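S.K.: Provide a 3D model corresponding to the input given below.
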Amino acid sequence: METPADAAKPLFSYRKHWAHRFGTAPFLPMSREEMDTLGWDECDIVLVTGDAYVDHPSFGMAIIGRVLEAQGFKVGIIAQPDWHSTKDFEALGAPRLFFGVTGGNMDSMVNRYTSDRRVRSDDAYTPGGQGGKRPDRCVIVYSQRIREAFKTVPIVIGGIEASLRRIAHFDYWSEHVRRSVLADAKADLLVYGNAERQVAEIARRMDAGDAIGEITDLRGTAYLRRGMPAGWVEIDSSELDAPGPLNPPIDPYAGEEERRAAQAAPAPAAAAAGTATVTLTGFDSQAAAAIYEQPGNQYFLDVGGVALAQTPILPSAPPVPAPSRMAIRC
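M.R.: Alright, predicted model coming up:
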């Protein structure tokens, strides 16, 4: 059986980096003294998180750190640094490969504020439940402080805060549409979702000599670039959400064969031209004309204060094949 070209590589199939000879650290170092105890002169990767460091799988950065350590890399961690200066961010020195930044297990704005925009009095991911240990939009703040301290070291951002803000998005707190967090954080690369595979691959490639700007073909990552790459098609993001039935959700845990089978499923056949009587209930008498679309048919519903409408049904045009790659203007 042939392996698909885009299939994910088994996570622990890499050859371990030479630093695995140092063994497993009791805890990931958080200071120079702890690095000296382990016999390290520098870290390969430094992780920065808005949560307290608890070496337990319920904390995402602890998992990422241990996964990278299992690959043989020397990983340090900076937990809840003081963002008012660069001092805490310089505690472990510059990493050999990159900084990894996350807001923690929760979005920092949700962590700090209630839905009424009131400041929370506690923080479940801070020792003693003490609030106020992380800034608003801490992925942006942490990344900017790192860039201030280490201008040339690559920055990779991830976690729930970065994942949900990887493209333009409506921000509830400011009631504005904000651009991608990548632009505001001035980071080099964003990893989204469960990022163990992406982070391991990024570390391997950079260790082999690849520049962070050359890693543009890795699934589960986002990056900024100038201009449209060759072979891509640009579509307007406002045209993506048309009225109609939703496409079935993609199973992220499906294998490559199941995913290809689902994508190859035949589309529903178009209905013949004709008319149909549609009963409409629950509409306001002031409602205006509405248009409803779904694959194969177009329904023109004239809702004008009556509950019954004659609705012409017209066969739609044949579907246009979707391009293999699309860029969304946001």
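S.K.: where does the stretch 151-300 of the chain dip in pLDDT?
M.R.: Residues of the stretch 151-300 of the chain meeting the criterion pLDDT under 70: 237, 240-243, 263, 265-300.
S.K.: if we use 50, what do you get?
M.R.: The stretch 151-300 of the chain contains residues with pLDDT under 50 at 270-300.
S.K.: strands along that one, start to end?
M.R.: With DSSP state E, counting those that start in this stretch as the criterion, the stretch 151-300 of the chain has strands at 155-158, 169-171, 176-178, 189-191, 221-222, 233-236, 274-279, 290-294, 297-301.
S.K.: for the shortest one, which strands pair with it and how are they oriented?
M.R.: Pointing back at strand 221-222 there. Sheet pairing for strand 221-222, assigned by DSSP bridges, gives strand 189-191 (antiparallel).
S.K.: how far off centre is the strand it pairs with?
M.R.: Counting by C-alpha atoms, centre = their mean, to the nearest Å, strand 189-191 is centred 8 Å from the centre of its parent chain.
S.K.: before we move on, what about stretch 118-127?
M.R.: That offset, for stretch 118-127, works out to 24 Å (C-alpha atoms, centre = their mean).
S.K.: stretch 200-211 now?
M.R.: With C-alpha atoms, centre = their mean, you get 20 Å for stretch 200-211.
S.K.: next: stretch 12-30.
M.R.: 26 Å.
S.K.: what mean pLDDT does it have?
M.R.: Mean pLDDT, computed over stretch 12-30, is 78.
S.K.: stretch 147-161: which residues count as buried?
M.R.: Within stretch 147-161, the residues that count as buried by 16 or more other C-beta atoms under 10 Å are Arg147, Ala149, Phe150, Val153, Pro154, Ile155, Val156, Ile157, Gly158, Gly159, Ile160, Glu161. Heads up, the C-betas are built off the backbone N, CA and C, glycines and all.
S.K.: ok, the residue nearest in space to the middle of the chain - contacts?
M.R.: With distances taken as C-alpha atoms, centre = their mean, the residue of the chain nearest its centroid is Ser163 (2.2 Å). Shown in contact with Ser163 (C-beta atoms under 8 Å, 6 or more residues apart in numbering): Leu190, Tyr192, Gly193.
S.K.: may I ask which of those has the most neighbours?
M.R.: Greatest neighbour count in these, by other C-beta atoms under 10 Å, goes to Leu190: 28 neighbours.
S.K.: that one touches Ala162, doesn't it?
M.R.: Yes. Between Leu190 and Ala162 there is a contact under C-beta atoms under 8 Å: 5.4 Å.
S.K.: does Ser180 touch Ala162 like I think?
M.R.: No. Contact criterion C-beta under 8 Å: Ser180 and Ala162 do not qualify, at 9.5 Å.
S.K.: quick one: average pLDDT of the host helix or strand of Ile77?
M.R.: Using DSSP states H and E, Ile77 falls within strand 75-79. Across strand 75-79, pLDDT averages out at 95.
S.K.: returning to that earlier point: shared neighbours, Leu190 and Ala162?
M.R.: Overlap of the contact sets of Leu190 and Ala162 (by C-beta under 8 Å, 6+ apart) consists of Val181.
S.K.: count of neighbours near Arg179?
M.R.: By the criterion of other C-beta under 10 Å, Arg179 has 12 neighbours.
S.K.: and the helices in the protein, which stretches?
M.R.: For the chain, helices defined by DSSP state H occupy the ranges 32-38, 60-70, 108-112, 138-149, 159-163, 181-185, 196-207, 256-263.
S.K.: now do the second one: which elements does it pack against?
M.R.: To tie it back to what came earlier, the one meant is helix 60-70. Where contact means 3 or more C-beta pairs under 8 Å, 6 or more residues apart in numbering; DSSP states H and E, helix 60-70 is packed against strand 45-49, strand 75-79, strand 98-102, helix 196-207.
S.K.: make a markdown table out of these and add distance to Leu92 and mean neighbour count.
M.R.: Listed next are those as a markdown table, based on distance: least, C-beta to C-beta, whole Å; neighbours: other C-beta atoms under 10 Å:
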| stretch | distance to Leu92 | mean neighbour count |
| --- | --- | --- |
| strand 45-49 | 5 | 28 |
| strand 75-79 | 4 | 24 |
| strand 98-102 | 10 | 27 |
| helix 196-207 | 16 | 20 |
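S.K.: could I get those as a markdown table with distance to Thr24?
M.R.: A markdown table is the format used below for the helices and strands packed on helix 60-70 (distance: least, C-beta to C-beta, whole Å):
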| stretch | distance to Thr24 |
| --- | --- |
| strand 45-49 | 16 |
| strand 75-79 | 11 |
| strand 98-102 | 19 |
| helix 196-207 | 17 |
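S.K.: would you map out the domains in the protein?
M.R.: Here the domain parsing of the chain from automatic domain parsing is 18-226, 274-315.
S.K.: neighbour count for Ser180 and Ala162, which is higher?
M.R.: Higher neighbour count among Ser180 and Ala162: Ala162, with 27 against 18, using other C-beta under 10 Å.
S.K.: quick revisit: shared neighbours, Ser180 and Ala162?
M.R.: Residues touching both Ser180 and Ala162 by C-beta under 8 Å, 6+ apart: Leu190.
S.K.: confidence score at the residue nearest to Asn111 when sequence neighbours are not counted?
M.R.: Leaving aside its sequence neighbours, Asn111 sits nearest to Asp123 (C-beta to C-beta, 6 or more residues apart in numbering; 6.2 Å). Looking at Asp123, its pLDDT is 86.
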